[in-house]
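> sequence and computational prediction follow.
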Amino acid sequence: MNAGQDRTEVGRLLREEVNPKLNNFDYLFVWGTTVASAAKSIVPDKVPQIFNTVADPVGAGLMQSAESSGGNIAGVTNEIPLALQMETALKIFSLKRLGLLFNPREKNSMLVRDKISEVAGKFRFELIDLRSPPAEDMLQENLQKLKNKSVLVDAVYLPPDSFLVSNAQLIGSELRAAKIKSIASIGTFIEKRRPHGSCS
């Protein structure tokens, strides 16, 4: 089931399509922090929930700890520690101002924002917030600001946010056009950033 990045549709699907058919399911597989959080609150604990592509399941309130979920839920994290990501990036290029594209409606993005703010202090770079919620044209507006240099950054960090991942090709294309480096949190951004037929 695809909710098309619409939180209202996620709720409708869980209430109207999943809940009435729970006896037909061995488990519920969900993708991303927003959907996993909604499923945990809407779907009874009757069937196990397995989540995927959740950077911080404990911080998102899906699990009590990394050792014990505390419920009928389990899954995998795709998180690489931010300090390690930044340390690696800084070996390749210098950084004074880092743009952060993030979706303020996704818990996962907000958790990453908090963590990267801490890392910015450690590595002494300024973090420039580029709020990009899906319901508005903010992503396109922020990409345009980067292209026309009304917002100046040395690089842009791309968090593991399902909305941003679904727009990876657009983001990659616009950042290349603006000649701005990017630091991708997950491989999907790299896989989708080049048009078909291009090579590195």
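On my side now, so go ahead.
> does Phe51 belong to a helix, a strand or coil?
strand (DSSP: H, G, I helix; E, B strand; the rest coil).
> dump the residue contacts of it.
Neighbour list for Phe51: Phe29, Val30, Trp31, Gly32, Ala36, Ala39, Pro57, Leu62, Ile73, Ala74, Gly75, Val76 [criterion: CB atoms under 8 Å, 6 or more residues apart in numbering]. Bear in mind the C-beta positions are built from the backbone N, C-alpha and C, glycine included.
> ok, now with 6 Å
Counting by CB atoms under 6 Å, 6 or more residues apart in numbering, Phe51 touches Val30, Ala36, Gly75.
> try Lys107
So Lys107 contacts Thr33, Ala60 (CB under 6 Å, 6+ apart).
> quick check: domain ranges of this structure?
Here the domain parsing of the chain from automatic domain parsing is 7-75, 82-192.
> picking that back up, could you dump the contacts of Phe51 to TSV with secondary structure?
Below are the contacts of Phe51 laid out as TSV (three-state DSSP):
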residue	secondary structure
Val30	strand
Ala36	helix
Gly75	strand
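> closest one of these to Leu100?
Leu100 lies nearest to Ala36 out of these, by CB to CB, at 22.3 Å.
> which non-adjacent residue is nearest the closest one?
Spatial nearest neighbour of Ala36, chain neighbours left out: Phe51 (4.0 Å); criterion: CB to CB, 6 or more residues apart in numbering.
> do Arg105 as well
Pro133 (5.2 Å).
> quick one: the helices in this structure?
7-12, 33-42, 82-92, 107-123, 138-147, 162-166, 168-177, 187-192 (DSSP state H).
> so for Ala66, which of those helices sits nearest?
Nearest to Ala66, of all those, is helix 107-123, at 14.4 Å by CB to CB.
> just the angle for that closest one relative to helix 33-42, thanks.
Put simply, helix 107-123 runs at 130 degrees to helix 33-42, going by axes from the mean of the first three to the mean of the last three CA atoms, to 10 degrees.
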